[in-house]
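1. After the sequence you'll find the predicted model.
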Amino acid sequence: MIRFENVTKTFVMDGKRKTVMENVSMTFPDGRSVGLLGRNGAGKSTLLQMIAGTMPPTSGKIVTTGRISFPVGFAGSFHGELSGAQNCRFVARIYGVDTDELIAFVEEFAGLGVHFHLPLKTYSSGMKSRLAFGTSMGIAFDTYLVDEVTAVGDASFRARSDALFKQRMRNAGSVVVSHSMNQIRQLCDAVVILENGHLVFHDDVERGIAEHEQNMKRRA
């Protein structure tokens, strides 16, 4: 369960204040795959980081139950001096899972070859995302936070990512950020729209996508 209670998030940059969320209260339903839609810069990645607990709200609180993943498209918590394998071992110890099993899973799935045993600082952004996605999917979370990661890699990797994600969703929920409406249709059964600092929930995916596209047209 993920519940926002009067959550506000603001940033101050160069003396200017930007509000990402303003006094938001909403509960994300358990066991659902929820697509998070919004224009570029609306704060979708910020919202995922707040759910994950890696970024605090300015005010209010976010209450969660169950085991929630880190945003799988975000490798910012990984250590650049450690190899991909060493980062996997570190994450496995944090979440209390078998280290050797997680390393073996990620090495096979991410397909990084020799780079898996080289320092993360030598990775491209796409390689980091593949490592982060594989590491997250290798752990049995109750809720997965997905940030555009399945757009990374070639067609074969994207197909394997989609298949693995759907397999995990049989026993878990998710919050998915994607700019691909086809991907939202394939992976999600509900939609939340982040617009002007507020969240709007749609139980019908098509209606949610339609509202999002109208918002984008107004912005254009």
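-> Structure's in. What do you need? The shown structure was predicted, so the numbers you read here are calculated from the model rather than taken from an experiment.

2. rest of the way, CA atoms for contacts and neighbours
-> OK.

3. residues in contact with residue 215?
-> Shown in contact with residue 215 (CA atoms under 8 Å, 6 or more residues apart in numbering): no residues.

4. Work out for me the element it sits within.
-> helix 205-219 (DSSP states H and E).

5. now residue 101
-> With DSSP H and E as the test, residue 101 turns up in helix 99-110.

6. Need the CA coordinates for the helix or strand where residue 126 lies. CSV is fine.
-> Per DSSP H and E: residue 126 is located in helix 125-137. Coordinates of the C-alpha atoms in helix 125-137 are reproduced here as CSV (Å, rounded to 0.1, in the frame of the first residue of the first chain):
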residue,chain,number,x,y,z
SER,A,125,23.7,5.3,-18.8
GLY,A,126,21.9,2.5,-20.7
MET,A,127,24.2,-0.1,-19.1
LYS,A,128,23.5,1.3,-15.6
SER,A,129,19.7,1.2,-16.3
ARG,A,130,20.0,-2.5,-17.4
LEU,A,131,21.9,-3.3,-14.2
ALA,A,132,19.4,-1.5,-12.1
PHE,A,133,16.4,-3.1,-13.8
GLY,A,134,17.9,-6.6,-13.5
THR,A,135,18.8,-6.1,-9.8
SER,A,136,15.3,-4.9,-8.9
MET,A,137,13.5,-7.6,-10.9
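
7. Can you give the distance of the helix or strand following that helix from its chain's centre?
-> Under the assignment DSSP H and E, the closest C-terminal helix or strand after helix 125-137 is strand 143-147. Distance, stretch centre to chain centre, for strand 143-147: 4 Å (CA atoms, centre = their mean, to the nearest Å).

8. Now do the following helix or strand past strand 143-147, average pLDDT.
-> Note on strand 143-147: by DSSP H and E, the next helix or strand toward the C-terminus is helix 155-168. Averaging pLDDT along helix 155-168 yields 84.

9. What residues sit buried inside helix 155-168?
-> By 16 or more other CA atoms under 10 Å, the buried positions in helix 155-168 come out as 157, 161, 165-166, 168.

10. what would these look like in CSV with distance to residue 67?
-> CSV is the format used below for these (distance: CA to CA, whole Å):
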residue, distance to residue 67
157, 26
161, 21
165, 16
166, 18
168, 14
